[in-house]
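Asks: this is a predicted model, with the sequence first.
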Amino acid sequence: MAREFRSLGVDAEILTLDRPGADWGTGAGLTVYQLGPALGKYRYTGNLVSWVRAKAPNYDAVFIHGLWGYWMLGTWLGLRKRVPYFVYPHGMLDPWFRKAYPAKHLKKWVYWHLFEARILREASGVLFTCEEERRLGRESFGYNGWRDLVIPYGVPDPGPAKAGDAAAFAQKFPNLKEKKIWLFLGRIHPKKGCDLLIEAFSQVRHLDPNVWLLFVGPDEGGWRNFLERFAKDKRVGDRIVWAGPLYGEWKWRAIRASELLVLPSHQENFGRVVAEALACGVPVLITKSINIWREIESDGAGMVCDDELRSLTGSLQAWIQIPQVKRVQYAEKARRCFENRFWIRRAAEFLLGIVRGLTGNGKSNGKTLCPTVVVRT
């Protein structure tokens, strides 16, 4: 988003609580301030408040990304109403967390009443990435009068495939050559429904022996060993490729090589990988626990199911039985859905229009007077 801001004539800078010299942000062509190291999951950093207080006059607007950490409280304490600020909850107000982690929710309830509710209420805007996220955001702790706005989010356009991409991918993953690939792209984590996908796949594998699963993503909690044993027990271990995390061109090659992205998450705010698949013209199968499911269903860019075995299995079976001509139509609609809803350029233009309207900033000599600092972990 910061890169898109700059392309629109806006001076965008990023503040993180990573340690100085950390890899994050290097080579991005952006100004990145690193104030870490930060302590623990709360990310306490002693110099955050003083830094924001000293630098605040340089900015016309501040964006805070994410809740429940010191980056939010420290930034708010440093600003003290001197600069308009906006908050992206990024799904952290979803009531799913209350059910899944009741002990953590109790701690958050205390922190909410001490700080978070006031910070949101004083913000110039609380920015939700879709209507479903806004609706759910009012349920966990109750709506306290903040100004909520739905701001489209998205990803950059990766552009067309490069010559040799398909051949390079086939050489790296020879087991997948000339196969129909169903791609899971994301963290290997229980929240993502990886086990659900494996079990559903085991129930439809006989319908098309040429379909394989490709799992791409980091195994942060060591869950992959269990999943591999689970797949073997379900007799589909020999039709699954575990690629680990793929970055850059290899990630795009994996997406383009697939006929379907399957993301059976039990909770997902936006699902960046969904937008990335759409950008490549790859249809998606997602659950109604991913907040952008209504947009996908409305645009015909893929299929939607519940995050339970019977529904997912039925959708996978339906996909196998779809005629090829209709799959081409799905692919075309997937790309149009990206262009209309999830292209980051459109999101940046829309957001800057909101910021200018709320801050009163206009243009001078053709250049926007709205430098931005994005505060993130």
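Replies: Arrived safely, thanks for sending.
Asks: buried residues, stretch 47-55. List them.
Replies: Leu48, Val49, Trp51, Val52, Lys55 (16 or more other Cβ atoms under 10 Å). The way it works is simple: take the backbone N, C-alpha and C, and place the C-beta from them, glycine included.
Asks: which one of these is nearest to Leu114?
Replies: Taking Cβ to Cβ as the measure, Leu114 lies nearest Val49 of these, at 16.4 Å.
Asks: which residues does the closest one contact?
Replies: Residues counted as contacts of Val49 (Cβ atoms under 8 Å, 6 or more residues apart in numbering) are Gly74, Leu77, Gly78.
Asks: so which strand or helix has it?
Replies: Val49 is part of helix 48-55, with elements assigned from DSSP states H and E.
Asks: quick one: mean pLDDT for that helix?
Replies: The average pLDDT within helix 48-55 is 94.
Asks: quick one: it to chain centroid distance?
Replies: 29 Å (Cα atoms, centre = their mean, to the nearest Å).
Asks: strands paired with the helix or strand following it, and their directions?
Replies: Counting by DSSP H and E, the next helix or strand C-terminal to helix 48-55 is strand 61-65. If you go by DSSP bridges, strand 61-65 pairs up with strand 85-88 (parallel), strand 372-376 (parallel).
Asks: lowest average confidence across these, which one?
Replies: Looking at the strands paired with strand 61-65, the weakest mean confidence is strand 372-376, a mean of 49.
Asks: now do the buried residues in stretch 112-120.
Replies: Neighbour-count burial for stretch 112-120, counted by 16+ other Cβ under 10 Å, picks out Trp112, Phe115, Glu116, Ala117, Ile119, Leu120.
Asks: quick check, the first one in contact with Gly142.
Replies: Translated: Trp112. No. Using Cβ atoms under 8 Å, Trp112 makes no contact with Gly142, being 9.3 Å away.
Asks: looking at the protein, which helix or strand is least sure?
Replies: Across the helices and strands of the chain, the lowest-confidence element by mean pLDDT, DSSP states H and E is strand 367-368, at a mean of 31.
Asks: helices along the stretch 201-350 of the chain, start to end?
Replies: Ranges of helices in the stretch 201-350 of the chain, per DSSP state H, counting those that start in this stretch, are 224-233, 249-256, 272-279, 293-299, 309-320, 324-337, 344-359.
Asks: for the stretch 51-200 of the chain, same thing?
Replies: Counting by DSSP H, counting those that start in this stretch, the helices of the stretch 51-200 of the chain are 70-79, 96-100, 102-111, 117-122, 131-137, 165-172, 194-204.
Asks: that older thread, okay, the helices of the stretch 201-350 of the chain in CSV with distance to Glu132, mean pLDDT and mean neighbour count next?
Replies: Output for those, formatted as CSV (distance: least, Cβ to Cβ, whole Å; pLDDT from 0 to 100; neighbours: other Cβ atoms under 10 Å):
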stretch, distance to Glu132, mean pLDDT, mean neighbour count
helix 224-233, 28, 97, 15
helix 249-256, 24, 97, 20
helix 272-279, 13, 96, 24
helix 293-299, 6, 94, 17
helix 309-320, 18, 98, 18
helix 324-337, 16, 96, 16
helix 344-359, 17, 84, 17
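Asks: now the ones you listed as CSV including distance to Lys192?
Replies: Shown next, in CSV, are those (distance: least, Cβ to Cβ, whole Å):
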stretch, distance to Lys192
helix 224-233, 11
helix 249-256, 16
helix 272-279, 10
helix 293-299, 15
helix 309-320, 13
helix 324-337, 21
helix 344-359, 23
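Asks: and Leu8, which of the ones you listed is closest to it?
Replies: helix 344-359 (6.1 Å).
Asks: show me what the closest one is packed against.
Replies: helix 2-7, strand 125-128 (3 or more Cβ pairs under 8 Å, 6 or more residues apart in numbering; DSSP states H and E).
Asks: ranking these by burial, who's on top?
Replies: With neighbours defined as mean count of other Cβ atoms under 10 Å, the helices and strands packed on helix 344-359 peak in mean count at strand 125-128, which reaches a mean of 23.
Asks: partners of that strand, with directions?
Replies: With DSSP bridges as the test, strand 125-128 is paired with strand 85-88 (parallel), strand 148-150 (parallel).
Asks: quick check: of the buried residues of stretch 112-120, which lies closest to Arg346?
Replies: When those are ranked by distance to Arg346 (Cβ to Cβ), Leu120 comes first, at 25.7 Å.
Asks: where does the protein have low pLDDT?
Replies: By pLDDT under 70, the weakly predicted segments of the chain are 24-28, 359-377.
Asks: domains of it?
Replies: According to automatic domain parsing, the chain comprises the domains 2-154+343-376, 165-342.
Asks: let me have the strands paired with strand 125-128 in JSON lines, extended by distance to Phe350 and mean neighbour count.
Replies: What follows is the strands paired with strand 125-128, written out as JSON lines (distance: least, Cβ to Cβ, whole Å; neighbours: other Cβ atoms under 10 Å):
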{"stretch": "strand 85-88", "distance to Phe350": "13", "mean neighbour count": "24"}
{"stretch": "strand 148-150", "distance to Phe350": "10", "mean neighbour count": "17"}
